[in-house]
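Q: Structure of the sequence below:
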Amino acid sequence: MHMTRREAFGLAAALGTLAAAPSARAAAPKLGTQAPAWYRFTIGDFEATVVSDGALPLGRPADGFPRAPAEEMQTILREAYLPADGVVLEQNALVVNTGRQLILIDTGMGDSMGEASRMFGPTTGKLRENLRAAGFQPEQFDMILLTHAHCDHAWGLVDANGQRVFPNAQVALAESDLRYWTDDNNKRGPAFMVPFIDGAKKNLEAYRDRLVMIRDGAEVVPGITAIAAPGHTVGHHCYAVSSGGMTVVNTGDLAHHQAIMLRRPSWEFAYDTDPAQSARTRVRMLDRLATDRHHVLSYHFPWPGIGHVARAGEGYAWMPAGMNLSGVG
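A: Take a look at the predicted model:
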């Protein structure tokens, strides 16, 4: 069959229209959702799972690090390919199944304090749903270990009605933190001190008959040892999780930001109870972590918060671990 040039052009145009039409009719709405955030690996004979409580927007860099040289901080953020107008932290809680006990380190922001539970925005408070997505039920937990009693670590202990979220668990923390954050006499200084203390009192009071006081260098449960790291709070502790010759150190809030606070570990952080002591502790512990070469689980570093601390110039650098870990150590 002979087709003229005009007929060929007409047919091509018609076919192009037909091919484009289905894609226009099939346009779908944007979902704007993510998969549940949990990541499982092993530490020797222990099974470990990092579970997210959601992102925590800290605000302008100057709000979190008020005494840091603004221009230098901007440079550090740019060199790390991070926005210079806002700092966002992660919240990486750690579940450890030792084979005998199920342990959770820190509980996230929760919803126990109503509007105050959203002081950093609506993206926090996801731990409970992510625990269930990872296969855990709250009643299965035997022990909750708190690195300290701040809102984003302890306010997930109870629900909005003040009922225990983890009905069968003991709660372990430093006695000095327990005393400090349940004392109304400490409601002074920064405005956040009032909700922080009210929230700690509500969450810890519900477990008053099952509190366990931790001690520096002592095992809280077999395989998990407390390490005093004061300054961020008076009783802030890290936890070393060890099994089969492998160790992962959960550093809690030793350092909040993987670029700013490792590059400049002596810089003060706005939410530190004793900023000078916190800086000294941070330098001491970062040096220890770099020397020992243990894996680190950092509560606020980029998801899932697992990596190493390495010396870099006058400070340190964060070396994220690969996401294909079957075991670490």
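
Q: quick one, helices of the stretch 201-329 of the chain?
A: Using DSSP state H, counting those that start in this stretch, the helices found in the stretch 201-329 of the chain span residues 260-263, 275-292.

Q: Equivalent analysis for the stretch 51-200 of the chain, please.
A: Using DSSP H, counting those that start in this stretch, helices in the stretch 51-200 of the chain cover 61-64, 70-79, 127-133, 151-154, 175-181, 193-205.

Q: how about those, which one is nearest Asn168?
A: helix 127-133 (14.2 Å; C-beta to C-beta). Glycine gets a C-beta too; all of them are placed from N, C-alpha and C.

Q: can you list contacts of the closest one?
A: Contacts to helix 127-133, defined as C-beta atoms under 8 Å, 6 or more residues apart in numbering, come from residues 36-38, 51-54, 91, 93, 95, 104, 107-110, 137-138, 156, 165.

Q: Equivalent analysis for stretch 270-290, please.
A: 63-66, 150, 180, 190, 192, 227, 229-234, 236, 238, 249, 251, 254-255, 261-262, 265-269, 296, 308-311, 316.

Q: Kindly recompute the last result at 7 Å.
A: 63-66, 229-234, 238, 249, 254-255, 261-262, 265-266, 268-269, 296, 309-311, 316 (C-beta atoms under 7 Å, 6 or more residues apart in numbering).

Q: can you pull the contacts of the residue nearest to Arg282 when sequence neighbours are not counted?
A: Sequence neighbours aside, Pro265 is the residue nearest to Arg282 in space, at 4.7 Å (criterion: C-beta to C-beta, 6 or more residues apart in numbering). Each residue near Pro265 by C-beta under 7 Å, 6+ apart is listed here: Ala255, Ala279, Arg282, Val283, Leu286, Gly315, Tyr316.

Q: Between all of those, which two are separated the most?
A: Longest span within the contacts of Pro265, C-beta to C-beta: Ala279 and Tyr316, 13.1 Å.

Q: State the distance from the residue nearest in space to the middle of the chain to Leu58.
A: Against the mean C-alpha coordinate of the chain, by C-alpha atoms, centre = their mean, the closest residue is Gln91 at 2.0 Å. To Leu58, Gln91 is 11 Å away according to C-beta to C-beta, to the nearest Å.

Q: Could you do Asp184 as well?
A: 27 Å.

Q: between those two, which one's more packed in?
A: Using other C-beta atoms under 10 Å, the more surrounded residue of Asp184 and Leu58 is Leu58, with 21 against 10.

Q: So Ala279 and Tyr316 - more neighbours on which side?
A: Tyr316 (24 against 19).

Q: Thought Arg264 was touching the more buried one, still the case?
A: No. Using C-beta atoms under 7 Å, Tyr316 is not in contact with Arg264, being 9.6 Å away.

Q: All the strands of the stretch 101-250 of the chain, residue numbers only.
A: 102-105, 143-145, 170-173, 211-213, 219-221, 224-228, 237-243, 246-252 (DSSP state E, counting those that start in this stretch).

Q: for Gly162, what are its contacts?
A: Lys202, Ala206.

Q: Roughly how far does it sit from Asp198?
A: Taking C-beta to C-beta, one finds Gly162 at 12 Å from Asp198.

Q: and what of Glu175?
A: Following C-beta to C-beta, the distance that separates Glu175 from Asp198 is 20 Å.

Q: now His153
A: For His153, the distance to Asp198 - C-beta to C-beta - is 16 Å.

Q: Check Leu94 too.
A: 27 Å.

Q: Please identify which of the two sits among more neighbours.
A: Leu94 (24 against 17).

Q: what's across from that one in the sheet?
A: Residues in a beta bridge with Leu94, per DSSP bridges, are Val50, Ile105.

Q: Can you check what pLDDT the model gives it?
A: If you check Leu94, the pLDDT there is 98.

Q: how far away is it from Asp253?
A: 14 Å.

Q: List the buried residues in stretch 52-67.
A: For stretch 52-67, a neighbour-count test (16 or more other C-beta atoms under 10 Å) marks Ser52, Asp53, Gly54, Ala55, Leu56, Leu58, Pro61, Gly64, Phe65 as buried.
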